[in-house]
Each structure stands twice: as structure tokens, then as C-alpha cells.
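>>> Sequence and predicted structure below; questions after.
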Amino acid sequence: MISTTKSIGTRAGAMLLVGTMLGGVSSPLIAQEAGAQAAPATAQPAPATAQAAPVQVNRAPVTGMIRSISVRGAERLEPATVISYSNLSPGQEYSAESLDTALKDLYATELFSDVVITGAETGALVLQIKENPVINRIILEGNKRIKDDKIQPEIRLAPRQIFTRSKVRSDVDRIIELYKRGGRFAATVEPKIVQLDQNRVDLVFEINEGPTSKVRAINIIGNDQYGDGRLRKEMYTKEAGGVLGIFKSNDSYDPDRLAADQQKLRAFYLTEGYADFRVVSALAELTPDRRDFVITYVVEEGPRYKFGTIQAESGLRDLSKDVIERYIRLKPGDWFNAKAVEDVVAGLSEIAGAQGYAFSDINPAYDRDAEKKLMNILFRVNESPRVYIERIDINGNTITRDKVVRREFRVNEGDAFNAIKIKRSQDRIQSLGFFQEKMEIKQTQGSSPDRVILALDLEEKSTGELQLSAGYSSLEKFIVSANIAQRNFLGKGQEVNAGVNWSRYSRSAQIGFVEPYLFDKNILLGGELFRRDFNSFSRQGNERNTTYSQLSTGASVRLGFPITEFISLGTRYQLVQDKLTLNEDQFFTDPDGAGPLGSVCDPLLAGRYLCDQLGTTLSSVVGYSLIFDNRNGIRATRGQRIVLSQDFAGLGGDVKYARTRIDATKYFKLPKDFLLSVHGEAGYIHPLQSDPGEGRDAIRLSDRFFGAQMRGFDIRGIGPRIQRIRYDAPNTLATGGDPITDAIGGRAYYMGRIELEIPVSANIRSLGLRPSAFIDVGSVFGIKKPSLTDLRGSCIGPDGPDEGTDSDIQVLNPGDNCNLGLPGVADDFTFIPNSGFREFFLGNSPKPRLAIGVGVNWNSPFGPLRIDIAKALIKQEGDEVKLFSFNVGTQF
């Protein structure tokens, strides 16, 4: 709001309602809608000197000759100008009627707040005028919901213009209309003026915004077949209140929405067979307190129709009657559905477009049989010319080069029009991720009826990212990352990226480059250098303890090219050095007393399955991916993506294996804006070398599958694992406490997911919320059983190890107890706590694990947030479940 910094000492005469003084009566300037209650004036009356004199016309004598005309009170206007406005002149005959007309002419100029004509008795006329003031400035007060920059364009008056009552009233009406469009029908605007010197004023619009006018109730009269609640669900407008009332955005009154609701009602009834349905009237009434609206619809449902005869005829050579009838899915005897008819027309238009008929004329002719309640339909495809593309116009790409966009078009200038290829072109351009969503390739007629112009209006979005982020994950705790990327480098469509990431269990750094069109050919070339440090952990209850560390350093290069429109092939080569280590202070011992150089991994502390994996290996891997992708964009709502990948290690290096993976996702756009996605993936890794020894798998720990993250289970919460349980007495495993568990991965895995994204209101969608419900199923399995340790523990004699002899320590074998009855040894040996343990191999089963839950994605002000609540319904022994998980990041 424009602040007032000037002292208001000159306002002592004060905030007075603007009025035009006619016949001595003050008419306040309050422009509100009919029936609105004006807010009481808070301004003090202006001093008497500021009041205008009453308009007086001495009507005697009735007629005469004007001898002279003078002007009194003019400040800015020349007297001759004022006289010219009155249309009076010396020597002219005058009468009461002509003087009245002169008054009206002067007031019509809107330059004067008061006019008095005297001297009619002598013919020496005097025009006593008071000029309207000049506006010094315009001030808005009381507006909080709508800011000054939104209101000021609605105000036609401006500083240094002449103040007039009619213009102020018009400005008030426009401001009120602005608030009405925002749903605030109780808003009032009271204009006031502050008198200044030199006949200037400050114009103040005092605004009382009032509350948003809600829809208190929606009543429907005349609906016999469907209840009010069922019909309200079809409307955009919703009744105010309810548990989720604060999230609603469509419970405010909007006249445009009221008209749209009538169309929604009609569309609903037409899909249910009521072809004669109509809305007789729609009335919106303000409640007595002027805060809310009550909407009443009067409807007439009419009879319900079924489909009668379904016929077709065609005037196109390439689209015969038989072809049309094959694409018509309507059946006689089914309930009439106008939406189904529209879908048939849309499908036929697409088929005609694929044949080159851009402007096909397809009309369904309805023949209503009111007596039999049948709707007979004739689909008529009228003759139209085959169309060719005259030119392709691309607008709005200020950064992206034209060729980057044009190379995604599946048609060229001069080609025959093909609606399917044009739709595919739109999907490919959208998939680039360089432009705003909901773009459309528009078609307009060219220089002749058989020519079409394709126009693509683009709105570029930022493709460069400089991101510092910090977040928290229920799985990895604190996460910090710094990344810089440009997905449209120099407008050429190239991608460069670099970044570092840190969390409790992983650290990484990478730099990469991708050229999607090498030498302007449809060949992708990319490369990456990386270093990744991953810390695995074991679990003991809710505690996670780091076990081994895997440090990977390497480089990769990839090459890809399309085979068909939807199928592409990608090849790659990767050279990676992996180093697996354990904390020597925690897991190493020095059995020979040789010092640090003699320290070795102790299987009793770390487990044989970990000690066998330590060391450095070099992997030389070549692979390929065969990809089918016909999705309609990055945020896909239809289509599918299927990827078959294979990698072969052994062209040099230390490891040899063949790894195969398949990954598929399909999207379904359902009615009512529901979005269903079905995802499945699986993998298997086969060794190309023999097992290194008894109880050791040929596939190294770093190359195994740990499976995709399944909600409802902890990270690495399913699949083969080693569980270590301590002995709390000879030959007796502990039943209390928490065992130590290490996930060791498997050779094979599978995972499936069905997820339903739930539509939300526009208000919730604007907050970036996308809720969903899901079912996850999967498993990890197929590893060779490792060598397991069973250390039964030890017993100690009464003297202890310091004062007693070696015989005071008893190492137990399976079945042994303390007090072995040795000669000369007292029978008071006791078991040493935590001196023994036993390892179990769990989770190596292909049986499915299943979880069901709900989640929400939220683009919050703090960054992207994902919350999931999932319940594991089917699990296997050793699996680790997790009910709640979330991830959040903050950009700054």
C-alpha cells in the first residue's frame, strides 16, 4: 500500500465525503452495488468555508437579452473557456430554460463542483463557479488480500487529473468488481478526499475487503434419478466447511464456475443416457449477512435413452465405411453416452489425420426416437482434401537453438500431414525437459486449403541448476549435496554436470558430459568420472553399526542410437576399481604378536563372510541396454518404458560375470484424473568363474544385488543376511536382546509396484502435493550359503585368568557345560558373558515380501519431500520392517 508520509495538518478540515451540491442538498459519493450498505463515514465535516454555495438561477424576468457575461471564481480556467462551455454569448436571447441548459452544459464538463448564475434581472449575467479540485495523489487503505499493484490498473483517475464524482464512482465499481472476481462480494470501497491548498486534494479509497464469500449450500430441485450428493460430486463448486475445508479452493462463489457447473451437470446426464436433460435455472443468492451464497439449480432430467442403430458413411477415399465401422465401439441397446460418441469422433479424426486429412469433417447425426427412447446415430465423414505441411514455425526459444527443437519433429516441411507423428513430435519435445508443460503444436490453414502451418509456441524454463541442499532421511539421516548441472548447455541440448554428495552411509563425487546428437546425427555420446564411498552397516535392534567400507573409483563411456521411433540401443564400457575394507581396530587381531603388519581380519569378530571379501579388485565391464519408450513426457500419464540390460565383466580385470536386468513401467490415465502406474523389475548375475572356496560365492559382495528399496522395509531390509546371536549360557542362545544382522545381497532379485496417484483439488495441487496409494512386492535371493561360525563360549574358574592357571579357562565345544570335572579343578566354573555366539543364514528365499501403504510427494518451501507409511503384510524370517519413512531436502 502507498504510505502517506506527509503531515496531515492540512487535513484538519478533513476527510469529507465528496458531494455535488445541487439545490443546497449534499449528495455523498458512494458507489456500491444495488442494495449494498454503505460503511458509515468516519471523516469529520469540512469547514464551512469549504462548502459550495447553492445553485441559484433567478428566473425573473422570464426572457431577455444578454448584455454581458462575466466569470467569477475561475482559478485554472480562462473566463472565455468557461463562457464557451455554457454556450451563452452577449446579444443572445435567454430564458429560464436556456439558463437551465447552460447549467447542465457546465456540469457536463465535470470541471466544476458548483455553478451559480446571477444577473438574470438585468441581462448582465455572472457565472459564479467553483472548479473541481486537482488530484494530488491517490492512496489505497485497508487492502491486504489484493496488493496495490493489482488495484491501481483498475483506477482510471491519476494524479494531476481533475477530480470528478462520476469518475470516482466508476473507479469504485471497478475495484469492487476486482474483489468480486476474487470471491469477496462483501467488499466495500469508500472514497474520501483530503483538502489541500491551491484547490488540490488527496483521493483516498478506504477498502473494507470483507471475508471470502463462500458457498454455504447447493440445492438441486427436480432431480429424481440421482441424489443431491451424487450431483454435487460432479460440480467444480463445493460447499464450504467440512474437515478438509481449509484445503478447498473451489468453495468460494464464482459466476464463471457456476456456468461451468451447469455444463458439468449436463455432461454427466448425457453420459448416463438422459439426452433431453436441461438446467431450467441456476440462481445464486447472497445470504442476509452478505457473507455467503446459496446456489439453487432447477433441473429437468427427461427420459433415459439407449443406442439405436449405429451407421457410418464416408466421403474419403482412404477411409471407407467398413474401416469406420470397425473403429466404432458403440453397441445398440447400451445406454446412450454422449462422451462415448465424442471419443469415437476423436478416434476417427486421429485416424483421418494419420491418412493426411488435417481438417477432417466428422459429424455424428442424431436421430432421436422419443417414442421408443432410442438414439440412432449416423457417423458421417465428409469429403476434405489431403493436407501437406507448408511450414513449421517455432517461437519463444530464446536460448534453445532451432535445430534442437526441429530434430525432434517426426515430420518435415512438405510432408503429408500425419496427426500421429505430430503428436509424437509434441511428446518428444516435451520430454526434452527444456520447456514448460502443456505446450501444443497448433495447426492453422496455410496458403491454400490443402496446406497446413504447424506453429509451436514455447516457453523456456531454467535448465541450469546450481544447487546446495541439505536434508534429512529416515534411512540415511543427514544428507548434504552440492551439484551444478546444465541440461541445455549453450542451447545445444548437451548436458554437463558435476557434484558431490555426503550422508552417513555414502559419499560421492562425479563429473559427466552427454552429447545427444553427435555430429548432428541421432547418436548419443556420454562419459563420466566418479568416486563413490559406501559404508555398509549391521543392525542391532534400532542401532546401525558400520561394518565394511566400499570405495569405488572409475570411469564410464556410453554410446546410444535409435533403432526405430520407440526403440533405441545403448552401449557402455566401465572400468572400476573396488576396495573393500574393515575397521582394523574393531575387526582385526594380531595372533602372532607381529605388530600392525601381522594384523589379520578375525572371523570371530567380523565373520568369515566378510573377511573373505576384503581386498582390491578391478572390474572391466562392457554392456548394452535395449530400450522401448513411448511415454508422453517426463511426468508421463500414458505409455510405457521397457529396458533390457546386460553387462559382461571379464575383458581384463579380476572379476568375471554376466549380469542381466529388465525394468518396465506402464502408465494408465484413468477417469476422474486418477493416474495408475505399474512397475516391475528383475535381475540375475551369473558367475563366469568358479567358486573361490568352500562357503564362498563366486560373485563378490560389491557386485551382488541388494534389490530396489521396498517401502514397508528398511534399507537393505530383505534378502540374504547373516544373523549373529550370542550365547548367554552354555549351549543356550540368548532369547532377549537384539541380534546383530548383516545383509550380504543375492544373485537374483525381483520387485513389482502398483501405484495409484490420487487427484486433488486445484488448491492442494498448487501447494505441490501429490498423494498416492501403492503395493510393493519383491525379493532378493540366490546366494551360496556362506561358512558360518558357532563359538560356544568359555567358562572361567574362581581364581580368574590373572591368578589361576590355563586350566582356569574352559573353551566349550558343542554339548559341553562348565565344570567339566577335570582332575584337581573345583566345580565352580562360571560362564563368561558374551564369549560365544552362533551365526544363522536367513532370508535366502524367492518367496515374495509384500507391503501396502500410502504416500505423498510435496514440493514444499523447504524442498522436495516424500513421506510414506507402509505396512509389511508378508515377510520372511530375518527381514527388517519400517512403517514410516521420509526424505526432505532444502535448496538455498
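Nice, thanks for sending it over.

>>> Okay, now the unreliable bits of the stretch 451-600 of the chain?
Applying pLDDT under 70 to the stretch 451-600 of the chain flags residues 465-479, 481, 537-546, 590-598.

>>> repeat that for 90
By pLDDT under 90, the weakly predicted segments of the stretch 451-600 of the chain are 451-452, 455-495, 497, 499-508, 517-522, 532-551, 564-566, 578-600.

>>> Residue 153 belongs to a helix?
Yes. When classified by DSSP: H, G, I helix; E, B strand; the rest coil, residue 153 is found to be part of a helix.

>>> Check the spacing between it and residue 845 real quick.
Computed with CB to CB, to the nearest Å, the distance linking residue 153 and residue 845 is 69 Å. Just so you know, the C-beta spots here come from the backbone N, C-alpha and C atoms, and that holds for glycine as well.

>>> Neighbour count for these two, which is higher?
Counting neighbours by other CB atoms under 10 Å for residue 153 and for residue 845 shows that residue 845 has the greater number, 19 against 9.

>>> Please, which helix or strand holds the more buried one?
For residue 845, there is no host helix or strand (DSSP states H and E).

>>> Need the pLDDT of the residue most central in space within the chain.
Per CA atoms, centre = their mean, the C-alpha nearest to the average position across the chain is that of residue 768, at 4.4 Å. Taken from the predicted model, the pLDDT recorded for residue 768 is 74.

>>> For it, what are phi and psi?
The phi/psi pair for residue 768 (degrees, to the nearest 10) reads phi 80, psi 20.

>>> got it, and residue 586?
Phi and psi for residue 586, reported as degrees, to the nearest 10, are phi -100, psi -40.

>>> I'd say it and residue 602 touch.
No. Using CB atoms under 8 Å, residue 586 is not in contact with residue 602, being 9.7 Å away.

>>> neighbour count winner among those two?
Higher neighbour count among residue 586 and residue 602: residue 602, with 17 against 12, using other CB under 10 Å.

>>> quick one: that one and residue 334, what's the gap?
Note on residue 602: its distance to residue 334, by CB to CB, is 76 Å.

>>> What is the longest strand belonging to the chain packed up against?
When the chain is scanned for its longest strand (criterion: DSSP state E), the result is strand 543-562. Using 3 or more CB pairs under 8 Å, 6 or more residues apart in numbering; DSSP states H and E as the contact definition, the elements that strand 543-562 packs against are strand 524-540, strand 567-582.

>>> quick one: that strand to strand 524-540, angle?
Computed by axes from the mean of the first three to the mean of the last three CA atoms, to 10 degrees, the angle separating strand 543-562 from strand 524-540 equals 160 degrees.

>>> relative to strand 567-582, how tilted is strand 543-562?
Per the same axes, to 10 degrees, the angle that strand 543-562 makes with strand 567-582 is 150 degrees.

>>> Name the strands paired with strand 543-562 and say parallel or antiparallel.
strand 524-540 (antiparallel), strand 567-582 (antiparallel) (DSSP bridges).

>>> can you redo those as CSV with mean neighbour count and distance to residue 357?
What follows is the strands paired with strand 543-562, written out as CSV (neighbours: other CB atoms under 10 Å; distance: least, CB to CB, whole Å):
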stretch, mean neighbour count, distance to residue 357
strand 524-540, 17, 36
strand 567-582, 17, 28
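
>>> Can you lay out those strands as TSV showing distance to residue 764?
Below are these laid out as TSV (distance: least, CB to CB, whole Å):
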stretch	distance to residue 764
strand 524-540	38
strand 567-582	37
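
>>> Which among the ones you listed is found nearest to residue 232?
strand 567-582 (47.6 Å; CB to CB).

>>> Just the C-alphas of the closest one, formatted as PDB.
Extracted in PDB, the C-alpha atoms of strand 567-582 (Å, rounded to 0.1, in the frame of the first residue of the first chain):
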ATOM      1  CA  ILE A 567      13.300 -48.500 -29.700                       C
ATOM      2  CA  SER A 568      16.800 -47.500 -29.000                       C
ATOM      3  CA  LEU A 569      20.100 -49.200 -28.200                       C
ATOM      4  CA  GLY A 570      22.700 -48.000 -25.700                       C
ATOM      5  CA  THR A 571      26.100 -49.500 -25.200                       C
ATOM      6  CA  ARG A 572      28.600 -48.700 -22.500                       C
ATOM      7  CA  TYR A 573      32.000 -49.600 -21.000                       C
ATOM      8  CA  GLN A 574      33.000 -49.100 -17.400                       C
ATOM      9  CA  LEU A 575      36.400 -49.500 -15.700                       C
ATOM     10  CA  VAL A 576      36.000 -49.600 -11.900                       C
ATOM     11  CA  GLN A 577      38.400 -50.300  -9.000                       C
ATOM     12  CA  ASP A 578      36.600 -51.500  -5.800                       C
ATOM     13  CA  LYS A 579      38.300 -51.600  -2.500                       C
ATOM     14  CA  LEU A 580      36.600 -53.300   0.500                       C
ATOM     15  CA  THR A 581      38.000 -52.600   4.000                       C
ATOM     16  CA  LEU A 582      37.100 -53.200   7.600                       C
END
